[in-house]
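J.: return atomic coordinates for the entry below.
(one chain, ligands or ions: 3)
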Amino acid sequence: SYVIDQQTVVNPMLSQMQASNIVQTISDLSNNYTNRYYQTSGGVNASDWLKNKWLTMANGRTDITVEQFTHSGWKQKSVIATIKGTDNPNEIVVLGGHLDSINGSGTTETTRAPGADDDASGVASITEIYRTLLANNYKPRRTIKFMAYAAEEVGLRGSAEIANSFSAAGANVVGVVQLDMTNYKGAANDIYIFTDYTDSAQNTFVTNLIKTYLPTLTVGTDRCGYACSDHASWNAKGYATTMPFESSFSGDNKAIHTANDTLANSDSTGAHSLKFARMGLAYAVELGSDGP
Ligand SMILES: N[C@H](Cc1ccc(I)cc1)C(=O)NO
Ligand SMILES: [Zn+2]
Ligand SMILES: [Zn+2]
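T.: Ligands and ions are numbered 1, 2, ... in the order given. A predicted model of the protein is given here:
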């Protein structure tokens, strides 16, 4: 049941969230590697970097594990940080983004693909959620998993392997939010909730979270018309997904999949991404706080 009742926990956390942290993570991911393609050393090294970053942030908390998910057919690993629930750990909340980047003209070791918006912005947004929860020593009743998927650009392959693995294990994933591109305000509304390959009840819940916690933001809806990001991998296995997106379909960031997908060509202040990070924190706490 999508009850909104954690205001005393969520509101103080929202004010602690900082765009500067998001900008730093986007910068690290988009500037320190030529590209993060699923088959290059940059793709492999970015995965190792993020794993170490999330592990360091956990600061020895025994209810937190950080792992890399080894995929069968390529080198780049997905990264998963898990905060184990206190008394309802079998019910799992997932927040995701994708780690890989691509250049539409073909991506080799030396091809530039910074992927600042697509999708360093999403990984940076969930990293700021993770940081804020840890800074408050938040202990969810349900398990919360943060996922940076490999190989999204080549057919949602990392999330497909993970979603299929969770489904095969009978994992009780109660909800998934996908953050793919959060830092380019290409249209009138702040957040666009996509209605295809997602769950309408959870979309309504997320819309209500925005109305409750971020009342100055405006919400639109749109459709991709195809399986446009990793939420579709979870949707295909029957899990409830929501994909909040930075823009309408028509206003989408034309620099993606080129060497020009940079922080400078998106929101260099990170203010647009911060909206998604705050929405995601409210989602993580409201859904993560439910008991068995
Ligand atoms: N195609 C998606 C990005 C994408 C998603 C939705 C819309 I509307 C426009 C563009 C992609 O490249 N994901 O990595
Ligand atoms: Zn892309
Ligand atoms: Zn993407």
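J.: drop to CA atoms for contacts and neighbour counts, all remaining ones
T.: Noted.
J.: go ahead and confirm Ala120 touches Leu29.
T.: Yes. Look at Ala120 against Leu29 with C-alpha atoms under 8 Å: they come within range, at 6.2 Å.
J.: ok, now which ones touch Asn253?
T.: Asn253 sits next to Tyr184, Gly186 when contact means C-alpha atoms under 8 Å, 6 or more residues apart in numbering.
J.: what about it, distance to ligand 1?
T.: Applying C-alpha to the nearest ligand atom, to the nearest Å, the value for Asn253 to ligand 1 is 7 Å.
J.: give me phi/psi at that residue?
T.: phi -70, psi 110 (degrees, to the nearest 10).
J.: run through the strands of the stretch 151-292 of the chain in chain order.
T.: 172-178, 191-194, 219-222, 241-242, 244-245 (DSSP state E, counting those that start in this stretch).
J.: and the fourth one, which strands flank it?
T.: To tie it back to what came earlier, the one meant is strand 241-242. Here strand 241-242 is paired, per DSSP bridges, with strand 172-178 (parallel).
J.: the partner strand: how far from the chain's middle?
T.: Centroid separation between strand 172-178 and its chain, computed with C-alpha atoms, centre = their mean, to the nearest Å, is 12 Å.
J.: buried residues, that strand. List them.
T.: Under the neighbour-count criterion of 16 or more other C-alpha atoms under 10 Å, strand 172-178 has Val173, Val174, Gly175, Val176, Val177, Gln178 buried.
J.: touching ligand 3 at all, it?
T.: No. Counting by C-alpha under 5 Å from the ion, ligand 3 has no neighbours in strand 172-178; the shortest distance is 9.8 Å.
J.: let me see the mean pLDDT of that strand.
T.: Average pLDDT, strand 172-178: 98.
J.: what lies in contact with that strand?
T.: Residues external to strand 172-178 that are found in contact with it (C-alpha under 8 Å, 6+ apart): 90-97, 202, 229-231, 234, 239-244, 280.
J.: pull out the buried members of those residues.
T.: 90-97, 202, 229-231, 234, 239-244, 280.
J.: and ligand 1, which of the residues you listed contact it?
T.: Filtering those for proximity to ligand 1 by C-alpha under 6 Å from any ligand atom leaves Ser229.
J.: what kind of secondary structure is Glu91 in?
T.: Secondary structure for Glu91, judged by DSSP: H, G, I helix; E, B strand; the rest coil, is strand.
J.: got the confidence number for it?
T.: The predicted local confidence for Glu91 is 98.
J.: how much space separates it from Asn31?
T.: 37 Å (C-alpha to C-alpha, to the nearest Å).
J.: again with Ala259
T.: To Asn31, Ala259 is 11 Å away according to C-alpha to C-alpha.
J.: find residues that contact each of these two.
T.: Pro114.
J.: whichever residue of the stretch 151-292 of the chain sits closest to ligand 1: neighbouring residues, count only.
T.: Using C-alpha to the nearest ligand atom, the single residue of the stretch 151-292 of the chain nearest to ligand 1 is Phe249, 3.4 Å away. Look at Phe249: counted by other C-alpha atoms under 10 Å, it has 17 neighbours.
J.: so it sits right up against Asp222, yeah?
T.: Yes. If you go by C-alpha under 8 Å, Phe249 and Asp222 touch, sitting 6.7 Å apart.
J.: quick one, what contacts the residue of the stretch 151-292 of the chain closest to ligand 1?
T.: Neighbouring residues of Phe249 by C-alpha under 8 Å, 6+ apart: Asp222, Arg223, Cys224.
J.: before we move on, what about Tyr226?
T.: By C-alpha under 8 Å, 6+ apart, Tyr226 lies in contact with Asp196.
J.: just put the strands of the stretch 151-292 of the chain in TSV and tack on distance to Pro292.
T.: Compiled in TSV, the strands of the stretch 151-292 of the chain are given as follows (distance: least, C-alpha to C-alpha, whole Å):
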stretch	distance to Pro292
strand 172-178	12
strand 191-194	28
strand 219-222	31
strand 241-242	20
strand 244-245	27
